[in-house]
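**Q** coords below, sequence missing:
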């Protein structure tokens, strides 16, 4: 195609064509339903289309990259995360550098939006590394079975484990915001994302008539939790007890037997992780995702690390903390700031920084 246009924001009138292109690339060409609008309603809402970059050929959208800004709290730090979604190009227009162009425009849009970091999920790590992204941050997954679940506390007598109800949203958001960990949510956004992420189950610990802790559950994994550590752990134990069937015939190969469940947490220390680690519950470690440090100085300022000075020369960054200095690429900054690897002994008393975005807001 010779009539390729420069990258620009998507227009409201192009939404249907945009979704058709993205669905073809990521869904229907692979024999999957055209579900992008339902999976990511917040990214492709008319109000967010200005944050979706497209390239057109004539009147056809042939390449795109979506950005969705999300404000999160990590303790006292406030960050804006630019979630990057569905970077793709129609097969007939590939090998023309369009992916690089729409990503460069997405980077600029993240800067325009005041994002501190970008976050995406992908299997083509090296392609994104060429644009400054790196696998960083930490995600933990604890697995619990019939033997280890008994190590968790039980809920107190005045606390009942109940299924999540539609009118629990306000209480859940109050707990979520009080924990100071994760996105700032409105009730409307929460309900929309629960449906989009197919969170079909949830549990609450109702104590003296109010919700004191909660779990959001997808299949057999707790993908989000909130509340005091002992109540969350007791709620996990109560949920497992509802799934487990000690009398089930293990010789029945067709039975849907529950042998274990999983609980997702993150790299930073929390009371819940302290509780699990004190009982030596094993966990698997993985990266939080691919991160782009969009605004290095802004990240340090957000976490109060004002004793680290930073200067930039192109895509190289020189950091100084007291007598210590170090020079890093943007990819290296992701691991220096958010771990888990230690690339250098620089400022080990201040770095890495905690980072987490709950799966509910991941795009």
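**A** Okay, I see it. A quick note: this is a predicted structure, and the numbers were derived from the prediction, not measured.
**Q** buried ones in stretch 5-19?
**A** 7, 10-11, 14-15, 17-19 (16 or more other C-beta atoms under 10 Å). C-beta coordinates here come from the backbone N, C-alpha and C atoms, glycine included.
**Q** ok, stretch 67-77 next?
**A** For stretch 67-77, by 16+ other C-beta under 10 Å, it's 67-70, 72-74, 77.
**Q** dump the residues you listed to a markdown table, plus pLDDT and distance to residue 228.
**A** Formatted as a markdown table, the buried residues of stretch 67-77 follow (pLDDT from 0 to 100; distance: C-beta to C-beta, whole Å):
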| residue | pLDDT | distance to residue 228 |
| --- | --- | --- |
| 67 | 98 | 35 |
| 68 | 98 | 31 |
| 69 | 98 | 31 |
| 70 | 97 | 26 |
| 72 | 96 | 21 |
| 73 | 95 | 18 |
| 74 | 93 | 19 |
| 77 | 96 | 22 |
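**Q** out of those, which are inside strands?
**A** 67-70, 72-74, 77 (DSSP state E).
**Q** SS state for residue 264?
**A** strand (DSSP: H, G, I helix; E, B strand; the rest coil).
**Q** likewise residue 247?
**A** At residue 247 the chain is in coil, as set by three-state DSSP.
**Q** check it and give its pLDDT.
**A** Taken from the predicted model, the pLDDT recorded for residue 247 is 73.
**Q** separation between it and residue 257?
**A** When distance is defined by C-beta to C-beta, to the nearest Å, residue 247 is 11 Å away from residue 257.
**Q** what residue ranges in the stretch 201-350 of the chain score low on pLDDT?
**A** 249-256 (pLDDT under 70).
**Q** quick one, helices of the stretch 151-300 of the chain?
**A** Counting by DSSP state H, counting those that start in this stretch, residue ranges of the helices within the stretch 151-300 of the chain are 169-178, 187-196, 229-243, 271-278, 296-302.
**Q** for the spatially closest residue to residue 48 that is not a sequence neighbour, what are its contacts?
**A** For residue 48, the nearest residue in space outside its immediate sequence neighbours is residue 68; the separation is 6.2 Å by C-beta to C-beta, 6 or more residues apart in numbering. Under the criterion of C-beta atoms under 8 Å, 6 or more residues apart in numbering, the contact partners of residue 68 comprise 40, 42-43, 48, 51, 82-83, 85, 363.
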